[in-house]
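A.B. asks: below are the sequence and a predicted model for it; my questions follow.
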Amino acid sequence: MRNPALPLSEPDPALLRKLSLIEQGYLAVAAMLALGALGGWLSPMLGRLIPADWAMLTPQIAVAVLLGAGSLELSRSRHPAWLKQIGFMLALLLAILSVAVLVRDLFGISTGIDLFAATTPALNTTGRMPALIAAAFAVLADGVMLIRARRGPASHLADLFMAAFCLLVLVMISLYMLQEFSGPAGNVRDSLPTLLSVSLLAFVAFMRRAEVGAFVTFLGAGSGSRIARIVAPLVLLVPFLPQTAMVHAVKEGLIRTEYVSISAAFITAGLSFAIMLYMAWKINRLEKKVRDLSLNDELTGLYGRRGFYAVGWQALRQARRSGLPFSVMFIDVENLPQIARTHGNETASQLLVETAELLKASFRATDVIGRVDPAHFAVAGHFSENAIATMRLRMQEAVNYRNSNPGRVCALHFSIGCVSAKDPRHESLEEMLARADEARDQDLQDREPIPHAAPKATR
């Protein structure tokens, strides 16, 4: 449950604790995939045992994954400064390796640090890293080096780098699915372990940056953040799920190739529509909850002061349009502060709840009943002076019945003031409520004081 004192724009500490365990697990899986691939390259015997798809996670990619996982793990805020410095150096090494690969592929210039770039006879596969993956790791390294920046240009650059890294990972996934559809191309981008490794790093990097950056919405404690955490994965998967389904359908002979595009578009539209309906439903529920919290009194369940005036004015306008009578009652629970001091706040709160129950039982569902002050209630509705007298008598009988219970700790007494509008077109709700309060004061002065302690039971 959310801590009410926690700002909605701040990360939820409980969520961060859970997320920390998930991040450690993801980094461990990525590191194990990379170590397994490196072991296959270093040991011909082990290389013959690993799947061919795993072998496409080349040594350069495996080293980059290990550097990325290590730098992300050591970038945690709870680590001491010297460990963070080691994490920064690992990110710097990753940046150097990635840039060297890019320079080699884009300009044909060898930097002399192409680690494990030779072909391994046991696997008959080159160990080089493709330019797209190198670009992704270069962006990741830059983002990790700035990952704890909280303000200024460095913070904006860190957010940009993390967003760009996640975008490049999505591009890699798209290319992998396209190659699945058109047939394997025999390059490293066909490697599922490679995609899994960089996807796990992308999740951890994005969430780590979200703790202090522009993406904090995904880690917040509010309802909007919870909606974002649910909807964001669906939005990211919608473009890929239909394509994946179409690939398998074509391979199984369930659909002809020329119908792939229209079928994928139809499925994507359906999933998008379902997400839209879900978001609308969640937002409506949130809006209703916010409206109830702002208009209703939490203790009694009646309208609060704001809600009473909002709905009461609607009833007054209806009386003006339709020529209906309109009256207002002001009810004061007597000696409530003294009761709270003598018998405790719980007893005082119970008296307020009882008063609310009596009001709801005495008036119609269409009447507006609210708690307008800590010890004051108000009722507004389309009833006449004769109806007011009947309701007052009904309420007094109900109070007498409750006070006759010998087990009561404290008796309930209240005073009532009532006014009826002579011409609703020239009356305001605020003025009528003030007049009803004055009538209540007069009613209290005209009658004798009433004891407020419940009589002791006689033997």
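C.D. replies: Okay, I see it. Numbers count the residues shown, from 1 in each chain.
A.B. asks: just checking, Val198 touches Ile133?
C.D. replies: Yes: with contact defined as Cβ atoms under 8 Å, Val198 counts as touching Ile133 (7.1 Å). Where you see a C-beta, it was placed from the backbone N, CA and C, and this is true even at glycine.
A.B. asks: list residues touching both of those two?
C.D. replies: Met172 (Cβ atoms under 8 Å, 6 or more residues apart in numbering).
A.B. asks: what does stretch 224-237 contact?
C.D. replies: Outside stretch 224-237, the residues touching it (Cβ under 8 Å, 6+ apart) are 8, 12, 170, 217-219, 271, 275, 278-279, 282-283, 286.
A.B. asks: which of these sits closest to Ile388?
C.D. replies: Leu286 (39.3 Å; Cβ to Cβ).
A.B. asks: mind putting the contacts of stretch 224-237 into a markdown table with distance to Gln314 and secondary structure?
C.D. replies: A markdown table is the format used below for the contacts of stretch 224-237 (distance: Cβ to Cβ, whole Å; DSSP: H, G, I helix; E, B strand; the rest coil):
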| residue | distance to Gln314 | secondary structure |
| --- | --- | --- |
| Leu8 | 30 | coil |
| Asp12 | 38 | coil |
| Leu170 | 50 | helix |
| Thr217 | 36 | helix |
| Phe218 | 39 | helix |
| Leu219 | 40 | helix |
| Leu271 | 41 | helix |
| Ile275 | 36 | helix |
| Tyr278 | 32 | helix |
| Met279 | 30 | helix |
| Lys282 | 28 | helix |
| Ile283 | 24 | helix |
| Leu286 | 23 | helix |
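A.B. asks: pLDDT-wise, which helix or strand of the chain ranks last?
C.D. replies: helix 52-55 (a mean of 64; mean pLDDT, DSSP states H and E).
A.B. asks: ok, back up a step: out of the contacts of stretch 224-237, which end up buried?
C.D. replies: Buried subset of these (neighbour count, 16 or more other Cβ atoms under 10 Å): Asp12, Thr217, Phe218, Leu219, Leu271, Met279, Lys282.
A.B. asks: same list (these) but as JSON lines, adding pLDDT and distance to Thr300.
C.D. replies: Listed next are the buried ones among the contacts of stretch 224-237 as JSON lines, based on pLDDT from 0 to 100; distance: Cβ to Cβ, whole Å:
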{"residue": "Asp12", "pLDDT": "72", "distance to Thr300": "31"}
{"residue": "Thr217", "pLDDT": "78", "distance to Thr300": "35"}
{"residue": "Phe218", "pLDDT": "79", "distance to Thr300": "37"}
{"residue": "Leu219", "pLDDT": "79", "distance to Thr300": "36"}
{"residue": "Leu271", "pLDDT": "71", "distance to Thr300": "44"}
{"residue": "Met279", "pLDDT": "72", "distance to Thr300": "33"}
{"residue": "Lys282", "pLDDT": "72", "distance to Thr300": "28"}
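A.B. asks: among those residues, which two are most distant?
C.D. replies: Farthest pair in those, by Cβ to Cβ: Asp12 and Leu271, 28.3 Å.
A.B. asks: picking up where we left off before, tell me the one among the contacts of stretch 224-237 nearest to Asn386.
C.D. replies: Looking across these and measuring by Cβ to Cβ, the closest to Asn386 is Leu286, at 44.1 Å.
A.B. asks: per-residue pLDDT, that closest one?
C.D. replies: For Leu286, the model assigns a pLDDT of 69.
A.B. asks: low-confidence ranges, the stretch 351-459 of the chain, go.
C.D. replies: 443-459 (pLDDT under 70).
A.B. asks: change it to 50
C.D. replies: Low-confidence segments of the stretch 351-459 of the chain (pLDDT under 50): 450-459.
A.B. asks: got the residue ranges for the strands in it?
C.D. replies: Here the stretch 351-459 of the chain has its strands, by DSSP state E, counting those that start in this stretch, at 368-373, 376-381, 414-420.
A.B. asks: hey, which of the ones you listed is tucked in deepest?
C.D. replies: Most buried of the strands of the stretch 351-459 of the chain by mean neighbour count (mean count of other Cβ atoms under 10 Å) is strand 376-381; its value is a mean of 25.
A.B. asks: what helices or strands is that one leaning on?
C.D. replies: Helices and strands touching strand 376-381, by 3 or more Cβ pairs under 8 Å, 6 or more residues apart in numbering; DSSP states H and E, are helix 305-322, strand 327-333, helix 345-362, strand 368-373, helix 429-446.
A.B. asks: the same query, at a cut-off of 7 Å, please.
C.D. replies: helix 305-322, strand 327-333, helix 345-362, strand 368-373 (3 or more Cβ pairs under 7 Å, 6 or more residues apart in numbering; DSSP states H and E).
A.B. asks: buried stuff in the third one?
C.D. replies: Put plainly, it is helix 345-362. Quick answer for helix 345-362 (16+ other Cβ under 10 Å): Ala348, Gln350, Leu351, Leu352, Glu354, Thr355, Ala356, Leu358, Leu359, Ser362.
A.B. asks: any low-confidence regions in the stretch 101-250 of the chain?
C.D. replies: Ranges of the stretch 101-250 of the chain meeting pLDDT under 50: 118-125, 184-189.
A.B. asks: tally of neighbours for Arg305?
C.D. replies: Close neighbours of Arg305, defined as other Cβ atoms under 10 Å, add up to 15.
A.B. asks: my read: it touches His376, true?
C.D. replies: No: here Arg305 lies out of contact with His376, judged by Cβ atoms under 7 Å, at a distance of 9.3 Å.
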